[in-house]
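A.B. asks: Here's my sequence, what's the structure:
(2 chains)
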Amino acid sequence: MSDINTAQGPIQAAPQRRHFVRSVLTNPTGLVASLVLLIVIASAIFAPLLAPNDPSAVQIFKVNAPAGEGYLFGGDGSGRDIWSRLVYGGRNTFLGALITVVIAASIGVTAGLFAGFYGRKLDLVARWISDGIMALPALIVLLAFYQALGASIYLSMAVFGVMLSPGFFRLTRNLVNGVKHELYIDAARVSGLSDLRIITKHILLSVRAPVVIQTSIVAGIAIVVQSGLEFLGLGDPSTPTWGGMLQDAFSNIYVSPRAILWPGLAITATVASLVLLANAIRDRMQQSGIQVRAPKIAPLAASGPQPFPGSDALLDVRDLVVAYPANDGWREVVKGVSLSLKRGEVLGLVGESGSGKSQTAFAILGLLSPGGRVLSGAIRFDGVDLARSSENDIQALRGKRIAYVPQEPMANLDPAFRIGFQLVEPMMTVLGISRAEATRRALKLLARVKLPDPERVFRAYPHEISGGMAQRVLIAGAVACSPDLLIADEPTTALDVTVQAEVLDLLRDLQKEFNMAVILVTHNFGVVADSCDRVAVMKDGRIVETNTATDLFGAPQHDYTRMLLDSVLEDGQTRTYRPPVVRGLQA
Amino acid sequence: MIRYLLKRIASGLALLCLVSTLTFMMVFGATENVARNILGENATADQVKALNSRLGLDRPLPVQFGDWVSHAVRGDLGPSWTMSESVTSALASRLPVTLSMVTIAVAMMAFVSAMLGIAAAVRGGWADRAIQIVSVAGFAMPNFWLGLLLVLTFSVELGWLPATGYVSFSASPSAWAASLVLPVAALVLSGIASASQQVRGAVIDALRQDYVRTLRARGVKPRSVLYRHALRNAMPAALTVLSVQFIALLGGAAVIERVFAIPGMGSLTVSAALIGDVPVLMGVVVTLIIVVVIVNILIDFLNAWANPKVRMS
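C.D. replies: Reported below is the predicted structural model:
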């Protein structure tokens, strides 16, 4: 019951307080939830004013009476006024929830702050205890302790608070782990503040908002569990409680079925408001996480810009515009890119990170991240406009005619499957061959990409091989079905310097062997000089210069190209034809 | 892998020892009123004293505990103070009833929340909204109240299903199934609410991974990317929810069994708690901890299958 963890995901530091409360209340859900909660709490506080009858007064002729004649909701199994009991019942419910919340939060938050801040042994012990408590069915423990705790429901609710403290503990601990290495904490430490002061002053502040959410959730859980205990008869029979009312209604369910509605509705409305309020606060804090509603746009025009007359290009991209939904409409990341590529030609796509080069590559593959759209332009591959093809048609080309080598080798192998399977599965799908045939080919490919022990690699899981080996596996996977076009997105960036050259050599050999056209996305001019026939330089989503590799280095046309080249030279490294020497612009 | 599992088993045993010690001190430490509870208000002081000595309550607590442990390790949880049978035999007849109900509930919960969670992760739209509504409702409605509403609707008003009572599977499989429909339905709603949200998050996470793009770029069918690759990687998160929910359902069963008059562990616990049958309570807690530890180890096994990295550590 204590498993609802609402405070997941990125949560930003709480904004200014007054502003924050107002913005939660302007959210319709937040407003309604707060109002309901306020009404329920107020009616519990002012119960004597609202209840026309003594909640415990018995009128024998009102047993299971229908609504009316002084009893707004009728009488219960003993002839007491249901409405009055409902109003008074809120009192003990809120007191119980308050006890649970205070105990759970003070234990959990304190333990979480210290375990998170000091870590190591304290953290280990605290986590073991917290896991242990979470392994106990809380209600059973409360039942078992009932005799020891006595008839008071409040003691039970206090123990329940202890049992719910792991929720606060885990939340706080993870949040503290997240902030404790922030610069402002280091700064506070350097300036001589004591640990205790740092924890209470700086760290507590940053975990405040998620703890408020958790409090709201825990209060809801407490109300539900308390009513359950009272329903089972574990409460004090002399005080009116919602759970006790349900117990009474249950025993009279055939005589007066409607009596089970009111207490249940009271519990549900109260708890639902607590959850919805928590959701409203969380939404407010995660504003970056709120799904941006993509503005409506017209579908692509039926025909895109025409190819260059007489073009015999394998790939012809014209005026490509790629955009992602943003708060104020569409944000363009590729703003009218044109490029073309012949069979067997190698094109370098160069630019700083964020220049749109990877997005151009993904658009060609039809694999933009969720939300991404080609807004206009054309992507003609072998005469077919991929920007206007169905997902199924592009799907049929991927792997077979257009292949992809990614940037981060380790992140691009599925950790749950053996490497062999990850090569065999696509080949069986794309080429329609048997598993045995695919296995034979996969082993041959692994040998072809110069992996020392293909059989072992075939059987290995991704975490059992090195990054360089993983990149060879991915290259093997890309060329498995002899594609016409290979898109390599920074294929060497994540690798050790010593491995980079070998992987580039391998790519170059395979390119010649299969006569593939290659788009080599990179920010590394060494790679460009070494491998490319032509180069396109990108900046802010546009291509600023396209040139042959030789001319680009000899006589760069655009200022930006010149600046990029200069910045390489300013690093004090000479450009040579051994690519690893130049570490790239961002180094 | 074996070392990993041995570690989990050792940790489970440690938990079992710790919890049974604490529970024993708690429940056997507060037995002053038990004899009077059992004998009734009119019992004389001598009668109370005699009963206390017959139950062994006049001995020091550590001695009582040592005695209990020495029997418990042989599977003997002592005699019940209020029933004619031993605690072990009472549990043996009650546990299967509760476990069958909870197992069916967990299986249903897993299936429904997997479907709902995947649909919401992939399509959003109606499935997303359904999950949001179900999760607020499932959280806010006490399961026993939902059970009462179900009884009111389907038994009292419509007369489709039995309101209460439990028929054992061996007596009549169809009557057994009919007697479990409403209790299971009342039990699973809150589980579905939280589990489907977790599945949704885990699947969305898995689909965002780089290797998903690479698999798609290799021509792997979307169906396989989702059901084979993304789902397998979402498994650990989903399994964690399953174990948490299993524990929650064991507790929830106590109240539900009361509503539907099902003779399981839950109703046994409630009556033992109200009258103060301490050996039964002790037996229930120990048995449930063992069940939870076993289930958690099973889930660790599944996790190790789904996640090769775990097998290494």
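A.B. asks: can you tell me how far the residue in the stretch 451-587 of chain A positioned nearest to chain B sits from residue A:469?
C.D. replies: When distances are taken as CB to the nearest CB, the stretch 451-587 of chain A reaches nearest to chain B at residue A:461, 4.4 Å away. Bear in mind the C-beta positions are built from the backbone N, C-alpha and C, glycine included. Separation of residue A:461 from residue A:469 (CB to CB, to the nearest Å): 12 Å.
A.B. asks: re earlier: the residue of the stretch 451-587 of chain A closest to chain B is in contact with residue A:418, isn't it?
C.D. replies: Yes: with contact defined as CB atoms under 8 Å, residue A:461 reaches residue A:418; the gap is 5.9 Å.
A.B. asks: more neighbours, residue A:461 and residue A:469?
C.D. replies: Each of residue A:461 and residue A:469 has its neighbours counted (other CB atoms under 10 Å in any protein chain shown); residue A:469 has more, 22 against 18.
A.B. asks: Show residues contacting the host helix or strand of that one.
C.D. replies: Using DSSP states H and E, residue A:469 maps to helix A:467-479. Here helix A:467-479 makes contact (CB atoms under 8 Å, 6 or more residues apart in numbering or on different chains) with A:403-406, A:409-410, A:412-413, A:419, A:422-423, A:426, A:442, A:445-446, A:448-451, A:457, A:462, A:465, A:486, A:488, A:491-492, A:494-496, A:499, A:502-503, A:506-507, A:510, A:514, A:516, B:214, B:217-218.
A.B. asks: In contact with the residue lying closest to residue A:458 once chain neighbours are set aside, which residues?
C.D. replies: Among residues not flanking residue A:458 along the chain, residue A:420 sits closest, at 3.8 Å (CB to CB, 6 or more residues apart in numbering or on different chains). Residues near residue A:420 by CB under 8 Å, 6+ apart: A:439, A:442, A:458-459.
A.B. asks: repeat that with 10 Å
C.D. replies: Counting by CB atoms under 10 Å, 6 or more residues apart in numbering or on different chains, residue A:420 touches A:438-439, A:442-443, A:446, A:454-455, A:457-460, A:473.
A.B. asks: isn't there a helix covering residue A:301?
C.D. replies: No: according to DSSP: H, G, I helix; E, B strand; the rest coil, residue A:301 belongs to no helix; its state is coil.
A.B. asks: May I have the beta-bridge partners of the residue lying closest to it once chain neighbours are set aside?
C.D. replies: In space, and not counting its chain neighbours, residue A:301 is closest to residue A:376: 7.3 Å by CB to CB, 6+ apart. Beta-bridge pairing of residue A:376, defined through DSSP bridges, involves residue A:321.
A.B. asks: in the chain, which ranges drop under the pLDDT threshold?
C.D. replies: Went with chain A since none was named. Applying pLDDT under 70 to chain A picks out residues A:1-20, A:62-65, A:70-72, A:77, A:286-299, A:304, A:307-311, A:568-587.
A.B. asks: Actually, chain B is the one I wanted.
C.D. replies: B:1, B:309-313.
A.B. asks: What ranges does it have for its helices?
C.D. replies: Under the criterion DSSP state H, chain B contains helices at B:2-28, B:34-39, B:45-55, B:61-72, B:87-123, B:125-140, B:143-150, B:173-207, B:210-217, B:222-224, B:231-260, B:265-275, B:278-306, B:308-312.
A.B. asks: What of the stretch 101-250 of chain A?
C.D. replies: Listed in chain order, the helices of the stretch 101-250 of chain A (DSSP state H, counting those that start in this stretch) span A:120-134, A:138-144, A:146-149, A:153-179, A:183-190, A:195-197, A:204-231, A:242-251.
A.B. asks: got CSV for those, with distance to residue B:117 too?
C.D. replies: Shown next, in CSV, are the helices of the stretch 101-250 of chain A (distance: least, CB to CB, whole Å):
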stretch, distance to residue B:117
helix A:120-134, 22
helix A:138-144, 25
helix A:146-149, 37
helix A:153-179, 21
helix A:183-190, 37
helix A:195-197, 42
helix A:204-231, 20
helix A:242-251, 32
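A.B. asks: Dump those helices to JSON lines, plus mean neighbour count and distance to chain B.
C.D. replies: Converted to JSON lines, the helices of the stretch 101-250 of chain A look like this (neighbours: other CB atoms under 10 Å in any protein chain shown; distance: least, CB to the nearest CB, whole Å):
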{"stretch": "helix A:120-134", "mean neighbour count": "16", "distance to chain B": "5"}
{"stretch": "helix A:138-144", "mean neighbour count": "25", "distance to chain B": "4"}
{"stretch": "helix A:146-149", "mean neighbour count": "22", "distance to chain B": "4"}
{"stretch": "helix A:153-179", "mean neighbour count": "22", "distance to chain B": "9"}
{"stretch": "helix A:183-190", "mean neighbour count": "12", "distance to chain B": "28"}
{"stretch": "helix A:195-197", "mean neighbour count": "12", "distance to chain B": "30"}
{"stretch": "helix A:204-231", "mean neighbour count": "24", "distance to chain B": "5"}
{"stretch": "helix A:242-251", "mean neighbour count": "24", "distance to chain B": "6"}
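A.B. asks: And the ones you listed: which comes nearest residue A:305?
C.D. replies: helix A:153-179 (48.0 Å; CB to CB).
A.B. asks: Pick out the residue of the stretch 101-250 of chain B closest to chain A.
C.D. replies: Relative to chain A, the nearest point of the stretch 101-250 of chain B is residue B:219 (2.5 Å; CB to the nearest CB).
A.B. asks: List the residues that contact the closest residue to that residue other than its chain neighbours.
C.D. replies: The shortest distance from residue B:219 to any residue other than its chain neighbours is 2.5 Å, reached at residue A:399 (CB to CB, 6+ apart). By CB under 10 Å, 6+ apart, the contact set of residue A:399 is A:426-427, A:429-431, A:477-478, A:480-481, A:483, B:215-220.
A.B. asks: What's the local residue count around residue A:349?
C.D. replies: Around residue A:349 there are 29 residues (other CB under 10 Å).
A.B. asks: tell me the phi and psi of it?
C.D. replies: Dihedral angles of residue A:349 (phi, psi; degrees, to the nearest 10) stand at phi -120, psi 110.
A.B. asks: For it, list each beta-bridge partner.
C.D. replies: Bridge pairing for residue A:349 - DSSP bridges - gives residue A:521, residue A:536.
A.B. asks: Correct me if wrong: it contacts residue A:360.
C.D. replies: Yes: Residue A:349 is within contact range of residue A:360, at 6.7 Å (criterion: CB atoms under 10 Å).
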